[in-house]
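>>> sequence unknown, structure follows:
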């Protein structure tokens, strides 16, 4: 109810239509306000004028005339009438609050704020004035004061959902995100179907990467308004980031159907189709986005990724080039192009472009700052100290640690800094003067530094110059070897280590990992299988427990040196693309790696060997992207090996 409605009694307008019966100025004022409420501003004006004829200085009559002018859209005149009323009686809060309303309508916001301030000094518990003051302050970007005004209003009306919503908007604008979420939650407490509050809370949760909470709030909103394409798209992105790809697709497809001309929604649909391995459909979605907004670089980058996944590399590189032409600093496009250049064996272009990955938020390089100069083979090292530091995953660190020996050969004192779990393994790599634990050991002074993954660039590595020693990791000590030999028992059958899944947080894990039960055709062969799978997923735990053919000693593995010692006691390691694949291959152990159709760049294409590791044999998916045929080839190869051993 408005302030004017509260001031009038709501009685029948029949009495108000005969103001001549009420001849006092006060009675005429009351009649005028009733006429205003009844939608008769002309009659209300006549009543006010008659009151002012009786008493030209009557404050309420002057105020009532201001209300009439507001109703008639004469804001400037209303300001003058309210000012005259205030002159007659400056103690009435309503005169100031109504003046504030008129000033606000005229765009005189600073004056309106002062009017509301004065009204609240007179009458501090006037809810509507606090709310109006908050809105004005919010409009003027005086956010701290606006929040205080809304907070004061909420002390008067703590269950007012709209006030909580306004406070939430102000807190969000101040980047007080957690407080804003709490305010929007209060809105939903008192008005569960408040769509704007549900969306606002959902968006804040989304931006804070609390995707489950975001989805819950988007669902609240969609229950009230099911056809919000933007909200459906945000829900789809949230589901995608939780790797719930089928659900994400359903939301994105619905959003696209509702807004087929929205390029961002088409792009989101394409990204989800990529995650589902439906790259032809993804390209079609990206093409729709590009047709609508052709100069948006990110769409061309995403399209290039799907083309590369289909091994249409020339088209993919053209898409990446187009993305980079539109946005030269688009790190993701440089990074993607680099990985696929390396995959097809173009090391000359690939290593340099791969450095763009340091600017990609999702890539996950461990970025550090040092007082030492960055070295990319651009200065002599003789007599100098250089810090080589691991900057990617465990497998990458193992792979590129081989370059430490080459750096030392240039006359440098080499410090190697790695993840603590790798320090015992890499401490005795040839040429390393000291191996440090990242985040634990203090860094000695150094003249230069270089990330490990930049060393192939520094040495200008090409396919025919990869430093590929049969084994470049130090052999485990004899005591550890004896302990594992004892645990493994008689060596009467071929010992085969198994790893079937990698880190579930890896972006490509759904393509590279497989459930243990898929290896049943291999495990049934007459060999002794040894689990090297350190973190067993819940679904695999029961399968492992029910597989007497697999020895599981992983509970006794304390570090990578233990894993290396156990591998050294085996005849062969069969693995998906994980850090154990690198460890086994770097030890020179025969290592069979099962790869997805489009593998990581280091495994290249179209070959069953690896120039990085002489002891590796590769088993690749075909275009069906199914591990069934891979496992069948592994079984056949292992059967042949077992027959040869017999």
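Here it is on my side, so go on. None of the values given here were measured: they were computed from a predicted structure.
>>> only C-alpha atoms for contact and neighbour calcs from this point on.
Will do.
>>> Please enumerate the strands of this structure.
Under the criterion DSSP state E, strands of the chain are mapped to 373-374, 385-389, 413-418, 432-437, 448-451, 495-499, 528-531, 550-552, 572-576, 591-595, 616-620.
>>> Let's have the ones you listed in CSV, adding mean neighbour count and mean pLDDT.
Below are the strands of the chain laid out as CSV (neighbours: other CA atoms under 10 Å; pLDDT from 0 to 100):
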stretch, mean neighbour count, mean pLDDT
strand 373-374, 16, 95
strand 385-389, 26, 97
strand 413-418, 26, 97
strand 432-437, 20, 97
strand 448-451, 22, 97
strand 495-499, 24, 97
strand 528-531, 22, 96
strand 550-552, 19, 94
strand 572-576, 24, 98
strand 591-595, 25, 98
strand 616-620, 22, 98
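>>> would JSON lines of those with distance to residue 359 be doable?
Formatted as JSON lines, the entries for the strands of the chain read as follows, by distance: least, CA to CA, whole Å:
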{"stretch": "strand 373-374", "distance to residue 359": "16"}
{"stretch": "strand 385-389", "distance to residue 359": "18"}
{"stretch": "strand 413-418", "distance to residue 359": "21"}
{"stretch": "strand 432-437", "distance to residue 359": "25"}
{"stretch": "strand 448-451", "distance to residue 359": "14"}
{"stretch": "strand 495-499", "distance to residue 359": "32"}
{"stretch": "strand 528-531", "distance to residue 359": "37"}
{"stretch": "strand 550-552", "distance to residue 359": "41"}
{"stretch": "strand 572-576", "distance to residue 359": "28"}
{"stretch": "strand 591-595", "distance to residue 359": "28"}
{"stretch": "strand 616-620", "distance to residue 359": "31"}
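>>> closest one to residue 342 among these?
Evaluated with CA to CA, the strands of the chain place strand 591-595 nearest to residue 342, the distance being 16.3 Å.
>>> Contacts for stretch 505-514 next, please.
500-504, 576-577, 595-596, 627 (CA atoms under 8 Å, 6 or more residues apart in numbering).
>>> and which of these is nearest residue 42?
The shortest gap between residue 42 and any of the contacts of stretch 505-514 belongs to residue 504, at 74.2 Å (CA to CA).
>>> rewinding a little: return the subset of the contacts of stretch 505-514 lying in helices.
Judged by DSSP state H, helices contain the following of these: residue 627.
>>> Could you tell me the model confidence score at residue 502?
Note on residue 502: pLDDT of 87.
>>> just to revisit the earlier point, list just the nearest of the contacts of stretch 505-514 to residue 36.
Nearest to residue 36, judged by CA to CA, of those is residue 504 at 68.6 Å.
>>> Sort out which residues of stretch 634-646 are buried, please.
634-635, 638-639 (16 or more other CA atoms under 10 Å).
>>> centre of the chain versus it, how much separation?
Centroid separation for stretch 634-646 versus its chain: 46 Å, with CA atoms, centre = their mean, to the nearest Å.
>>> And stretch 177-196, by the same measure?
Per CA atoms, centre = their mean, the displacement of stretch 177-196 from the mean C-alpha position of its chain is 22 Å.
>>> still on that earlier bit, from the contacts of stretch 505-514, which would you call buried?
In those, burial by neighbour count holds for 500-502, 576-577, 595-596, 627, counting by 16+ other CA under 10 Å.
>>> ok, of those, which one's closest to residue 78?
Distance to residue 78, by CA to CA, is smallest for residue 502 among these, at 73.6 Å.
>>> contacting residues for the closest one?
With contact set as CA under 8 Å, 6+ apart, residue 502 has these partners: 509, 512-513, 576-578.
>>> coming back round to it: which two among the buried ones among the contacts of stretch 505-514 are spaced furthest apart?
502 and 627 (15.3 Å).
>>> on that earlier part again, looking at the buried residues of stretch 634-646, which is nearest residue 480?
Within those, the smallest distance to residue 480 is 27.9 Å, found for residue 638 (CA to CA).
>>> Where do the helices of the stretch 1-150 of the chain begin and end?
3-7, 13-16, 25-37, 41-54, 59-71, 75-88, 93-105, 109-122, 127-139, 143-156 (DSSP state H, counting those that start in this stretch).
>>> again with the stretch 201-350 of the chain
Along the stretch 201-350 of the chain, the segments classed as helices by DSSP H, counting those that start in this stretch run 211-224, 229-241, 245-258, 263-275, 279-292, 297-309, 313-326, 331-343, 347-354.
>>> Export those to JSON lines and append columns for mean neighbour count and distance to residue 154.
Formatted as JSON lines, the helices of the stretch 201-350 of the chain follow (neighbours: other CA atoms under 10 Å; distance: least, CA to CA, whole Å):
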{"stretch": "helix 211-224", "mean neighbour count": "20", "distance to residue 154": "23"}
{"stretch": "helix 229-241", "mean neighbour count": "24", "distance to residue 154": "29"}
{"stretch": "helix 245-258", "mean neighbour count": "21", "distance to residue 154": "37"}
{"stretch": "helix 263-275", "mean neighbour count": "26", "distance to residue 154": "38"}
{"stretch": "helix 279-292", "mean neighbour count": "20", "distance to residue 154": "45"}
{"stretch": "helix 297-309", "mean neighbour count": "25", "distance to residue 154": "45"}
{"stretch": "helix 313-326", "mean neighbour count": "20", "distance to residue 154": "50"}
{"stretch": "helix 331-343", "mean neighbour count": "24", "distance to residue 154": "47"}
{"stretch": "helix 347-354", "mean neighbour count": "20", "distance to residue 154": "55"}
